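> what would the 3D arrangement of this be:
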Amino acid sequence: MKARTYGFGALILLASAGCSVAPATQRMADIASPAAEAAEAAAAGISGEMLLRDIRELASDRFLGRAVATAGEDSTINYIARRFREMGLEPGMPGGSYLQRVPLVATTSRVEARVQAGGRSIPWRQLDDIVTWSLRPDSLVRVDDAEVVFVGYGVVAPELGWDDFKGVDVRGKTLVMLVGDPPVPDPRDTTRLDPQVFRGPAMTYYGRWTYKYDIAAERGAAAVLLVHQTGPAGYPWSVVQGNVRERFEVEGARPHVPVEGWIQLEAARSLFGAGGHDFAALERAARTREFRPVALGARASFHVRNTVRRVASHNVVARIPGSDPQVRGQGVLFTSHWDSFGIGRAIGGDSIYNGALDDATGVAWMLSLANAYKSMNPAPRRSLVFVAFTAEEAGLLGARYYASHPVIPLDSTLADINMDAMNPWGRTRSLVSLGYGQTTLENLLARYAARQGRTVVPDPEPEKGYFYRADHLELARGGVPALSFLFPGTDYVHPDPGYGERVRGAYIRDDYHKPSDEVKADWDMAGIVDDTQLTFWVGLDVANGREWPTWMPGSEFRAVRESR
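The predicted structure is shown next:
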């Protein structure tokens, strides 16, 4: 698809953004007009009080941790729908409803597994050696005596001339894969990774575990195990162990591999060694285009008993129709996820996983943006759609369902701006763009950030692939350019130069996915206000502008958009 431009009517070309760090006298709209004045007033009306009120409410104990398919879901979706109604937004669904039904299948797996290797039968202990499950909606899933094959990183990337399978038939086999992208040395400096292949140190979609499970299913595998290594995975084995729980999938989704999961590093080394192979040597070989699958001289068996239930969850969807009849059928999407982890294992006497930062802040951001845009007269030229997704924590399932059942077709959706955990620790001089260099939306982000006296910087941890771990990924897979930014960089407007690293580190260590993720007394809402105003101007520019955002050359999502 070529970049699209429109010359319909008079356009308000906004070229500046709200002034948070920049001088308070600086205007956001360079062209004086009633519409520009309305935009200025709408942005100025975004307040920390409104944001904090919604965050406090959604993160309160009465929402029971906002778990999918519980009473907590009912309270949450009704609250968000009521807020949309109070603001005067139209329901997003046919028939006048704010709720999009998302049918899910929930499975809880009990697994027994063993491997035959080196003339021995070796049990694989769930939690200790492996963490596996089945997302097949069957009460009993068996994989019997399936040959074990090492397929390197499991990557098929034609644009890079990379194919780890080399035409080998892996149907009915147990595949062992390495996590992450192949780390290809730069031929000009072998101490660095080649930026032209899998973006050097930055993770691509090929490195995500979701891609690896999908490619195994496409190839007809019976089971797939990812070798856990803390560095490439970005988290320790204890986080993987947390996957032993009820899991969800969208009903009717493409079938998964019968058994999927992880194998602990030492267990993988033992498996390779029992078949006469050196793990380190094969790991090195997998970093080259010449790698071919290797049969490990082992056969694996899995016996999975599933408890299966079918549930209905919901996305919450609202819209503001565009004011220009010629482009009203096109839209800009604003998204966040409403779910958290409900009531679970007690930590420090608290068992309600309130999810204040992750992601009550994102829902509050979306509600404040909706309120700001609704206050404008005239409304933006293109339609605006606001979606609070369900089941993000279960694997981006609400976003996946929406991508298949959009309010505005994906080929008419210009962009998705998604927020997943915002910044409650004060103002910053910079912010981190996830997937730095992926889309031209980043140019708008940088332009408006500069008007706030801020800069946009690359993700300091690109190897962890944060761009591929939030709801916007499902829209990106459908070709929609996406913008998301995580906790701003460590460059806070604060006298302590180590303040940013300290507060972010404390959150990850003490509160992330724990009951203690609650509103804190020392939160400073000025940073969230700055970021909400910033996304207001970026979204308005897209909704009113001539040119459609595009994926940058080299993005793995560019071809999807261009084919539409």
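
> Pro183 against Arg287, yeah?
Yes. Between Pro183 and Arg287 there is a contact under CB atoms under 8 Å: 5.8 Å. From N, CA and C alone the C-beta is placed, and that goes for glycine too.

> tell me where the longest strand sits in this structure.
strand 294-320 (DSSP state E).

> residue closest to the middle of this protein?
Ala470 (0.9 Å; CA atoms, centre = their mean).

> what's Ala223 in contact with, if anything?
Thr132, Val143, Ala146, Lys173, Thr174, Leu175, Val257, Pro258, Val259, Glu260, Ala300, Phe302 (CB atoms under 8 Å, 6 or more residues apart in numbering).

> can you give me the distance of it to Ser404?
Noted for Ala223: a distance of 27 Å to Ser404, by CB to CB, to the nearest Å.

> for this protein, give me the ranges with low pLDDT.
Applying pLDDT under 70 to the chain flags the ranges 1-33, 486-490.

> output the contacting helices and strands for the longest helix along it.
Criterion DSSP state H: the longest helix present in the chain is helix 526-544. Where contact means 3 or more CB pairs under 8 Å, 6 or more residues apart in numbering; DSSP states H and E, helix 526-544 is packed against helix 34-44, helix 48-58, strand 331-337, helix 361-374, strand 413-418, helix 441-451.

> TSV for these, including mean neighbour count and distance to Arg199?
Compiled in TSV, these are given as follows (neighbours: other CB atoms under 10 Å; distance: least, CB to CB, whole Å):
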stretch	mean neighbour count	distance to Arg199
helix 34-44	17	34
helix 48-58	19	34
strand 331-337	28	25
helix 361-374	26	26
strand 413-418	26	21
helix 441-451	21	15
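
> Throw the ones you listed into JSON lines and include distance to Gln533, thanks.
Formatted as JSON lines, these follow (distance: least, CB to CB, whole Å):
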{"stretch": "helix 34-44", "distance to Gln533": "5"}
{"stretch": "helix 48-58", "distance to Gln533": "11"}
{"stretch": "strand 331-337", "distance to Gln533": "14"}
{"stretch": "helix 361-374", "distance to Gln533": "9"}
{"stretch": "strand 413-418", "distance to Gln533": "13"}
{"stretch": "helix 441-451", "distance to Gln533": "9"}
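
> was I right about Phe302 contacting Val143?
Yes. Contact criterion CB under 8 Å: Phe302 and Val143 qualify, at 4.3 Å.

> these two: who's more crowded?
Using other CB atoms under 10 Å as the criterion, Phe302 and Val143 rank with Phe302 on top: 26 against 22.

> quick one: contacts for that one?
Val111, Glu112, Ala113, Thr132, Val141, Arg142, Val143, Ala223, Pro258, Val259.

> may I ask which two of these are separated the most?
Glu112 and Pro258 (14.2 Å; CB to CB).

> more crowded one of those two?
A direct count of neighbours by other CB under 10 Å for Glu112 and Pro258 places Pro258 higher, at 21 against 13.

> next, count neighbours for the closest residue to that one other than its chain neighbours.
Distance criterion CB to CB, 6 or more residues apart in numbering; nearest residue to Pro258, sequence neighbours excluded, is Val141 at 5.2 Å. When neighbours are counted by other CB under 10 Å, Val141 registers 22.

> cool, the one 5 residues further on as well?
Ala146 has 21 neighbours, counted by other CB under 10 Å.

> so who does the residue located most distally from the centre of the chain touch?
Distance from the C-alpha centroid of the chain, by CA atoms, centre = their mean, peaks at Gly119 (43.6 Å). Contact partners of Gly119, counting by CB under 8 Å, 6+ apart, are absent.

> how far away is it from Arg299?
On the measure of CB to CB, Gly119 and Arg299 end up 12 Å apart.

> can you map out the helices along the stretch 401-550 of the chain?
Under the criterion DSSP state H, counting those that start in this stretch, helices of the stretch 401-550 of the chain are mapped to 441-451, 472-477, 499-510, 526-544.

> and the shortest one, what does it pack against?
Other elements packing on helix 472-477 under the criterion 3+ CB pairs under 8 Å, 6+ apart are strand 331-337, helix 397-404, strand 413-418, strand 482-483.

> in a markdown table: those, plus distance to Ala281.
Putting the helices and strands packed on helix 472-477 into a markdown table (distance: least, CB to CB, whole Å) gives the following:
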| stretch | distance to Ala281 |
| --- | --- |
| strand 331-337 | 42 |
| helix 397-404 | 38 |
| strand 413-418 | 42 |
| strand 482-483 | 39 |
